[in-house]
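Asks: Here is my input, please return the structure:
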Amino acid sequence: MTVRETIDFSARCQGVGSRADIVAEITKKEKEAGIIPDPDIDTYMKAISVEGQSENLQTEYVLKMIVGPIKALFMDEISTGLDSSTTFQIVTCLQQLAHITDATAVLSLLQPAPETFELFDDLILMAEGKIVYHGPRSQALQFFNDCGFWCPERKGVADFLQEVISKKDQSQYWYRMDIPYNYVSVDQFSEIFKESYWGRMLDDELSQPSDKSQFHKNALSFSKYSLGKWDLFSACMRREILLMKRNSFIYVFKTVQLTITAIITMTVFIRTQLAVDLIGANYLLGSLYYTLVRLMTNGVAELIMTITRLPVVDKQKAFYLYPAWAYCLPASILKIPFSVLDSIVWTSVTYYVIGYSPEISRQAVCNLFFRQFLLLVVLHMSSTSMCRCLASIFKTDVTASTVGSLVLVLMFLFGGFILPRPSLPSWLRWGFWLSPMSYGEIGITLNEFLAPHWRKIQEEGITIGRKVLINHGLDFHASFYWISVGALLAFTILFDFGFILALTYIKQPKMSRALVSKKRLSQLRGEEKDNNVELKSIAVDIKHTPRGSQSTGKMVLPFEPLTITFKDVQYFVDTPPEMRKHGSNEKKLQLLRNITGAFRPGILTALMGVSGAGKTTLMDVLSGRKTGGVIEGDIRIAGYPKVQKTFERVSGYCEQNDIHSPYITVEESVTYSAWLRLPREIDSVTKKKFVDEVLETIELDDIKDCLVGIPGQSGLSTEQRKRLTIAVELVSNPSIIFMDEPTSGLDARAAAVVMRAVKNVVGTGRTTVCTIHQPSIDIFETFDELIQMKPGGQIIYSGMLGYQSSKLIEYFQSIPGVPKIKDNYNPATWMLEVTSASIEEELQVDFAKIYQESDLYQETIELVRELSQPWPGSSDLHFSTRFPQNILGQFMACLWKQHLSYWRSPEYNLTRFIFMVAAALIFGAVFWQKGDKINNQQDLFNVLGSMYISVIFLGVNYCSTILPYVSTERSVLYREKFAGMYSSMAYSFAQVTIEVPYILLQSILYVAITYPMIGFHWSVQKVFWYFYCTFCTFLYFVYLGMLIMSLSINLDIAAVLSTAVYTIFNLFSGFLMPRPVSLPHLQKIFSGCLVFIA
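Replies: This next block holds a predicted model:
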């Protein structure tokens, strides 16, 4: 959904337009009293209260900010990823909202700039779960002055407040020279506040009861939701229709692959191969069973698609936008047309070609055709409903896929075809009536074999059709067709009801943090017992590094300082279709225009600009991360033209999204990067020492034994992940480091910790470039140089910052009309404000053109010209091999990481083990001693059925469960490949090798359980071949899942594609239809199907 569509949906769910009666009453009283309301207030009230009001720019902006009739607004870290100017504008709007409408607004911010901080009326300062101060923002400094702490000039008040309650930073703000400093704990601050004037005022205010008689009768809401049930249902229905349109590729892809499968199926079961006898009837029964399997499994893709949407649904449900049923019912109802479409496609393609009941009477044929079609519709509906229900219960990809596979196995096992109902153990026959497949099998076989086409009398005096039904335990009255249709509808309703209940009562998994080191675990337990002990933190004086922690003397590995210059860089991409729809006639969209500059060793350069200015795009172009579009211009490294393959060896790139393998520790992540990226000539002892020093430099040594985890669910915090990203790149000993938003998503102290680490890196003489959004004064003035960009990809400033940003301020203040900076104002915020598009339009100037005509630009051109020439005696970068390690070293490193990841991912491996053991016990119980009791043809088919279901359905589970795991690791693979850590071959071989011991153990367990329980013939040779086929089959399906995921753009497409592959394998397995002798081309297909071979 687009941003606008998301906001419109939120507005609709929150009841925009639900207060028209109140507005009408207010308007009436205004006219009676002769009151003319303020235009701003009048516009706002009408905008949120009258549905269908035509919007001007002002009302549209207000609606984008606050779209519902709310009176209490809670916003958590809304500034993440925004520049300080945009944050200031948003908070200004919220301030006006609160003042105009008397709304209550509570915001938590990570790094509020001083001007943003001053917009707030009240302040709540918290630490360790206690309130340290709660009162007017303007009185906060006075409170801490009374406690003996002073905020220095050019220090942001918000930063001061966060640091003054920290044990490590507090002492630098003590100003009472007559009293010796002693650490003031959070508990002491809290007690001081309670005894203060504002603390007593707060206590008195809270002790006064609320006078409800003063409230308007409509002031309180007595419902969780803003709309009635029908309106909520209508809003969710419209949203679901929109999402289905946006996901149309997936649905079209499903229908197309279903059509292709139907064409293949009709070729295999073509009517020329069938006769009206028992043999032909058995073949036809196989085609009917395959039809049921195909339609049943076509709905399985709904499981993955539902799981991908659950986090958003749970979040919106928690905000009371709508109840669970309002989402579930449209999601279920709107899938019915697809069930109808898939069923009509399959029935139309296969019915007449395969040769189902070719009666002379057209009315009879149409009736049988329609009845089969109807049965497939309700079967498909029950399948999709079941998958939605399972997804809502188990929440995660691997667990839901595994349980879903087990449920499918049980449904097919008790479905009446693989093992007829009379052949089931007597104590398990109840399972036949609990399987939707049973009712599908009953309905579709009765529809076919009770038709006149199968009424040829046999010697026993019964028809062929009835004989087939008796042989397979499906001899029911014709009315059971409609009972089957009703049962499948009941299953659909039951599963949808379970879907609603699961979404209503089952919560999302909580975030957890895993540790590996017992020593570290004991340390943390000790810290929990001592509330006065904190984790290691550092002073936020990031401009000066204490001599004892200078990393310059620690870096034991030499590197070559390199400059990077770029001249007249242009970047073009194809114009997006949405822009063309809105009138853009340009074929190419230019994102960067005439970018010229240089990055030098030992100098920390900032790339700044409003959101969308092209900062990350420029960094991606310079680092070689852009694989699409057209790049023009000259980029040089140390004076030589840049060659991407060699540039990868000397550069590091810290992405904004901190992507790491979730199941290894911090230290292992850094060690893994060092193993693959440092030269082979460096011995392991030196590498280990270097890793330890990098962990210390980036201040990760205290958490080095923590698992990285999955963002938002487990493991490291955002700030710790950011520092790990820097460490992983720094340990490669690069000469040039690019960092994209290293402080995004961090609070002021965490951002200071990260920038302290970055400053340590710069101090080693490396060329370091960072994009940054909303730095505080301290962080901004940590940088040495600045390149500022404006929307359109143009530079408007490039040069040194100077002491306290003096050169930057001097440059912009020299432009006529630019507002002067206020005392102690953040230069970064001021710079973004005075160079905004609105100021450009107001002053009628182009800052990019002014820069190109300035002396600063000429200095940049001269610097680029000078650095573009190679130093005398220097040589171009050259490496004898593309990768630091040979193919064996890459393989061993990847295998080591895969081993750790597999061992620590019970959700994947333990779930597979449990599924395999459960399936083996079920198979053993259902097929108990069938291999030792072969008295007729059906007994032989039962034994073949046990082999068939173990091969195809266990294989399907192994293939399905590997998809989410490979999808998670694939994003890490892309990052590591871009960094030049290894070849695809080394990674692939490690990925397939690590599966061998796990599959080997599972195969041994499976054989040990099923072989004696089913009662197969005991001999060493037969047991070995049974084990060998089982092992190879499991391994083959795992590798198939890896292949499918690598060929798919996302997990949804992989789920759909894998379903199609399963059904093709099922078709050519040799169980439903023997290998045809008269069709040589089909013989080759059967012989090439590994499921058939197994």
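Asks: Strands of the protein, residue ranges please.
Replies: All strands of the chain, identified by DSSP state E, fall at 72-76, 104-108, 122-127, 130-136, 564-574, 588-599, 604-608, 630-637, 640-641, 651-654, 736-740, 767-771, 785-790, 794-800.
Asks: Give me the helices and strands touching the fourth one, please.
Replies: I take that to be strand 130-136. When contacts are defined as 3 or more CB pairs under 8 Å, 6 or more residues apart in numbering; DSSP states H and E, strand 130-136 packs onto strand 122-127, helix 140-146, helix 186-195, helix 197-207. Using the backbone N, CA and C atoms, a C-beta is placed for each residue, glycine as well.
Asks: Please apply the same query to the first one.
Replies: For strand 72-76, the elements it packs on are helix 84-101, strand 104-108, judged by 3+ CB pairs under 8 Å, 6+ apart.
Asks: quick one, the longest one and strand 104-108 angle?
Replies: Here helix 84-101 runs at an angle of 160 degrees relative to strand 104-108 (axes from the mean of the first three to the mean of the last three CA atoms, to 10 degrees).
Asks: Out of the helices and strands packed on strand 130-136, which gets nearest to residue 430?
Replies: strand 122-127 (58.0 Å; CB to CB).
Asks: chain center to the closest one, what's the gap?
Replies: Strand 122-127 has its average C-alpha position 32 Å from the chain's average C-alpha position, going by CA atoms, centre = their mean, to the nearest Å.
Asks: average pLDDT for it?
Replies: Computed over strand 122-127, the mean pLDDT rounds to 91.
Asks: That strand pairs with which strands?
Replies: Strand 122-127 has these partner strands in its sheet, going by DSSP bridges: strand 130-136 (antiparallel).
Asks: relative to helix 186-195, how tilted is the partner strand?
Replies: Orientation of strand 130-136 against helix 186-195 (the same axes, to 10 degrees) gives an angle of 40 degrees.
Asks: could you dump strand 130-136 to CSV, C-alpha only?
Replies: Coordinates of the C-alpha atoms in strand 130-136 are reproduced here as CSV (Å, rounded to 0.1, in the frame of the first residue of the first chain):
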residue,chain,number,x,y,z
LYS,A,130,11.8,5.4,37.9
ILE,A,131,10.7,9.0,37.2
VAL,A,132,13.6,11.4,37.9
TYR,A,133,11.7,14.5,36.8
HIS,A,134,8.2,15.2,35.7
GLY,A,135,7.2,18.8,35.2
PRO,A,136,7.5,21.9,33.0
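Asks: in that strand, what counts as buried?
Replies: Judged by neighbour count using 16 or more other CB atoms under 10 Å, the buried positions of strand 130-136 are 131, 132, 133, 134, 135.
Asks: got it, and stretch 905-915?
Replies: Neighbour-count burial for stretch 905-915, with 16+ other CB under 10 Å as criterion, is recorded at 905, 907, 908, 909, 911, 912, 915.
Asks: which residues touch the closest residue to residue 863 other than its chain neighbours?
Replies: When the adjacent residues along the chain are set aside, residue 863 lies closest to residue 598, with 5.4 Å between them (CB to CB, 6 or more residues apart in numbering). Applying CB atoms under 8 Å, 6 or more residues apart in numbering, we find residue 598 in contact with 563, 564, 565, 566, 860, 863, 864, 867.
Asks: do the same with residue 485
Replies: Under the contact definition (CB under 8 Å, 6+ apart), the residues listed for residue 485 are 374, 375, 378, 439, 443.
Asks: tell me the two of those residues that are most distant?
Replies: Across the contacts of residue 485, the two members that end up farthest from each other (CB to CB) are 374 and 439, 12.7 Å apart.
Asks: between the two, which one's more packed in?
Replies: When residue 374 is set against residue 439 and neighbours are counted by other CB atoms under 10 Å, the residue ahead is residue 439, at 28 against 19.
Asks: ok, the residue lying closest to the more buried one once chain neighbours are set aside to residue 1000 distance?
Replies: The spatial neighbour of residue 439 that comes closest, neighbours along the chain excluded (CB to CB, 6+ apart), is residue 484 at 3.9 Å. Shown here: residue 484 relative to residue 1000, a distance of 43 Å by CB to CB, to the nearest Å.
Asks: Output the buried residues of strand 130-136 in CSV; the columns should cover distance to residue 326.
Replies: As requested, these are arranged in CSV below (distance: CB to CB, whole Å):
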residue, distance to residue 326
131, 38
132, 42
133, 42
134, 38
135, 42
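Asks: quick check, nearest of the residues you listed to residue 270?
Replies: When these are compared for distance to residue 270 (CB to CB), residue 131 comes out closest, at 78.2 Å.
Asks: about what we covered before: what about residue 484 and residue 1000, which has more around it?
Replies: Comparing residue 484 with residue 1000 by other CB under 10 Å, the one with more neighbours is residue 484, at 25 against 14.
Asks: rewinding a little: can you give me every residue that contacts the residue nearest to residue 439?
Replies: Counting by CB under 8 Å, 6+ apart, the residues that residue 484 touches are 375, 439, 440, 442, 443, 446.
Asks: how many other residues sit next to the last one?
Replies: For residue 446, the neighbour count with other CB under 10 Å is 25.
Asks: Please apply the same query to the third one.
Replies: Here the neighbour count serves as a burial measure; for residue 440 (other CB under 10 Å) it reads 32.
Asks: any idea how far it lies from residue 467?
Replies: 21 Å.
Asks: what do you get for the second one?
Replies: Distance, residue 439 to residue 467, by CB to CB: 22 Å.
Asks: cool, and the last one?
Replies: Residue 446 is 14 Å from residue 467, where distance means CB to CB.
Asks: Residue ranges of each domain in this structure, please.
Replies: The record assigns the chain these domain ranges, following automatic domain parsing: 125-206, 237-506, 555-578+585-867.
Asks: Show me how far the second one is from its chain's centre.
Replies: Between the mean C-alpha point of domain 237-506 and the mean C-alpha point of its chain there is a distance of 31 Å (CA atoms, centre = their mean).
Asks: Now do the contacts for the nearest residue to residue 240 once chain neighbours are set aside.
Replies: For residue 240, the nearest residue in space outside its immediate sequence neighbours is residue 330; the separation is 4.2 Å by CB to CB, 6+ apart. With CB under 8 Å, 6+ apart as the criterion, the residues that contact residue 330 are 233, 236, 237, 239, 240.
Asks: correct me, but the last one touches residue 331?
Replies: So the one you mean is residue 240. Yes: under the criterion of CB atoms under 8 Å, residue 240 makes contact with residue 331 at 5.9 Å.
Asks: which one of the two has more residues nearby?
Replies: Neighbour totals were compared for residue 240 and residue 331, and residue 331 leads with 26 against 18 (other CB under 10 Å).
Asks: returning to what we had before: out of the contacts of residue 485, which are inside helices?
Replies: Under the assignment DSSP state H, the contacts of residue 485 contribute 374, 375, 378, 439, 443 to helices.
Asks: residues in contact with the second one?
Replies: For residue 375, the contacting residues are 440, 443, 444, 447, 481, 484, 485, 488, by CB under 8 Å, 6+ apart.
Asks: For those, work out which two are farthest apart.
Replies: In terms of CB to CB, those reach their longest pairwise distance at 447 and 488, which sit 13.4 Å apart.
Asks: contacting residues for the spatially closest residue to residue 401 that is not a sequence neighbour?
Replies: Across the structure, with CB to CB, 6+ apart as the measure, the residue nearest residue 401 apart from its sequence neighbours is residue 960 (4.5 Å). Residues in contact with residue 960, defined by CB under 8 Å, 6+ apart, are 401, 402, 404, 405, 1041, 1055, 1058.
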